[in-house]
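>>> structure, please.
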Amino acid sequence: KNEALVTAVIIRTHRGERCFLRLKGLDPNKRYRDTETGKTYLGSTLMNCGLNFINFMGDGDSRMIHLIAE
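Model (predicted):
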């Protein structure tokens, strides 16, 4: 509950389509910082709303996100 490594690969999507990935197993009361961008998210938001992958370009695009609890 203190760290998460998220790897996401888009299999099929239309360009510009919004993709959300809901995470599991985080502490809903902790804040998690993306080590690459510095953005912070509340655990409950990551589990209920998810990460927004709107910047994916299409099939085969991938992202790796390392989150650390603050």
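
>>> not counting its neighbours along the chain, what's nearest the most centrally placed residue in the chain?
The residue lying closest to the centre of the chain (CA atoms, centre = their mean) is residue 51, at 3.6 Å. Leaving out its chain neighbours, the residue that sits closest to residue 51 by CB to CB, 6 or more residues apart in numbering is residue 21, at 5.0 Å. (C-beta placed from N, C-alpha, C; glycine too.)

>>> neighbours around the one you found, how many?
Using other CB atoms under 10 Å, the number of residues around residue 21 comes to 13.

>>> and if you look at residue 34?
For residue 34, using other CB under 10 Å, the count is 15.

>>> hey, what's it bridged with?
According to DSSP bridges, the residues that bridge with residue 34 are residue 67.

>>> okay, it and residue 4: tell me how far apart.
Going from residue 34 to residue 4 by CB to CB, to the nearest Å gives 10 Å.

>>> and the helices in this protein?
Applying DSSP state H to the chain gives helices spanning 43-48.
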